[in-house]
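**Q** coords please:
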Amino acid sequence: MEQVLSTFVRSIFVDNMIFAYYLGMCSFVAVSKNVKTALGLGMAVTFVLFCTLPINYMLENYVLKEGALSWLGPDFGEVNLSFLSFIIFIAVIASFVQLVEMVVEKFSPALYASLGIFLPLIAVNCAILGGSLFMQQKEFANVGVATVYGLGSGLGWMLAIVGMAAIREKLTYSNVPKPLKGLGITFIITGLMGMAFMCFSGLKI
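**A** Numbering: from 1, shown residues only. All right, here's what the predicted structure looks like:
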């Protein structure tokens, strides 16, 4: 239980996909102009991470890595399919992104229109693929921990983009110097938020 809680908190605050690794920056910068739109994309990213990480974990540990197929028999003990990891991970992610796209288009056409090309581009969002690759590196004890890591990573990304959207909405009424309007002030705020999140790096559970 302690490992699960530690993984969940660290994935949101300490190992935040945006502020610790700066993954998924294209969507983060482009969609963080409106809180409602940012929340919609954040929920979509969280759902995809939450669903794909446990699936990719099981594929990694029971199909892809060296010796993973030993459950089929001794003849498969030395089979190593890890070279297929990228392709398999992206295929799983793309399948869930397609599902999310269809659901959003069906039940929230306004959100679908506001997200535009960035909704299908979740399939190649480096934050989502990064979650699966970090899962490989961290070698989680079981699929439950991997699932919690996926949920926490998604919530951390959503927290980052919604926070940025709220700040950018306030900046509309602020006296920002003309040379810094738009992307300039956005990058400055992203850096400041990244430094603020570094305060969590000493967090120990």
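**Q** tell me what the helix or strand hosting Glu169 is packed against?
**A** Using DSSP states H and E, Glu169 falls within helix 143-171. Under the contact criterion of 3 or more C-beta pairs under 8 Å, 6 or more residues apart in numbering; DSSP states H and E, helix 143-171 touches helix 2-9, helix 25-31, helix 35-59, helix 126-138, helix 183-197. (Glycine included, C-beta is placed from N, CA and C.)
**Q** least trustworthy helix or strand in this structure by mean pLDDT?
**A** helix 109-115 (a mean of 86; mean pLDDT, DSSP states H and E).
**Q** List the residues that contact Leu84.
**A** Leu64 (C-beta atoms under 8 Å, 6 or more residues apart in numbering).
**Q** Val92 versus that one, what's the distance?
**A** 12 Å (C-beta to C-beta, to the nearest Å).
**Q** now do Tyr112
**A** Going from Tyr112 to Val92 by C-beta to C-beta gives 22 Å.
**Q** now swap in Thr190 and tell me
**A** To Val92, Thr190 is 29 Å away according to C-beta to C-beta.
**Q** Those two: which is more packed in?
**A** Higher neighbour count among Thr190 and Val92: Thr190, with 21 against 18, using other C-beta atoms under 10 Å.
**Q** where does that one land on pLDDT?
**A** Note for Thr190: predicted pLDDT of 93.
**Q** do the same with Lys204
**A** At Lys204, pLDDT is 68.
**Q** now swap in Gly77 and tell me
**A** 80.
**Q** show me where pLDDT drops low in the chain?
**A** Applying pLDDT under 70 to the chain flags the ranges 203-205.
**Q** give the contact list for Phe40.
**A** Actually, residue 40 is Gly rather than Phe. Val104, Ser108, Leu111, Ser114, Leu115.
**Q** Isn't the fourth one up against Thr37?
**A** By that I understand Ser114. Yes: under the criterion of C-beta atoms under 8 Å, Ser114 makes contact with Thr37 at 4.7 Å.
**Q** Gly150: neighbour count?
**A** 28.
**Q** Next: Thr186.
**A** For Thr186, the count of nearby residues is 20 (other C-beta under 10 Å).
**Q** now it: how far from Glu78?
**A** Remark: distance between Thr186 and Glu78 (C-beta to C-beta) = 51 Å.
**Q** what does Glu101 give?
**A** 40 Å.
**Q** neighbour count winner among those two?
**A** Taking other C-beta under 10 Å, Glu101 and Glu78 do not tie; Glu101 has more neighbours (17 against 10).
**Q** Look at the nearest residue to Asn80 once chain neighbours are set aside and say how many residues are nearby.
**A** With sequence-adjacent residues excluded and distances taken as C-beta to C-beta, 6 or more residues apart in numbering, Asn80 is closest to Glu66, at 3.9 Å. For Glu66, the neighbour count with other C-beta under 10 Å is 12.
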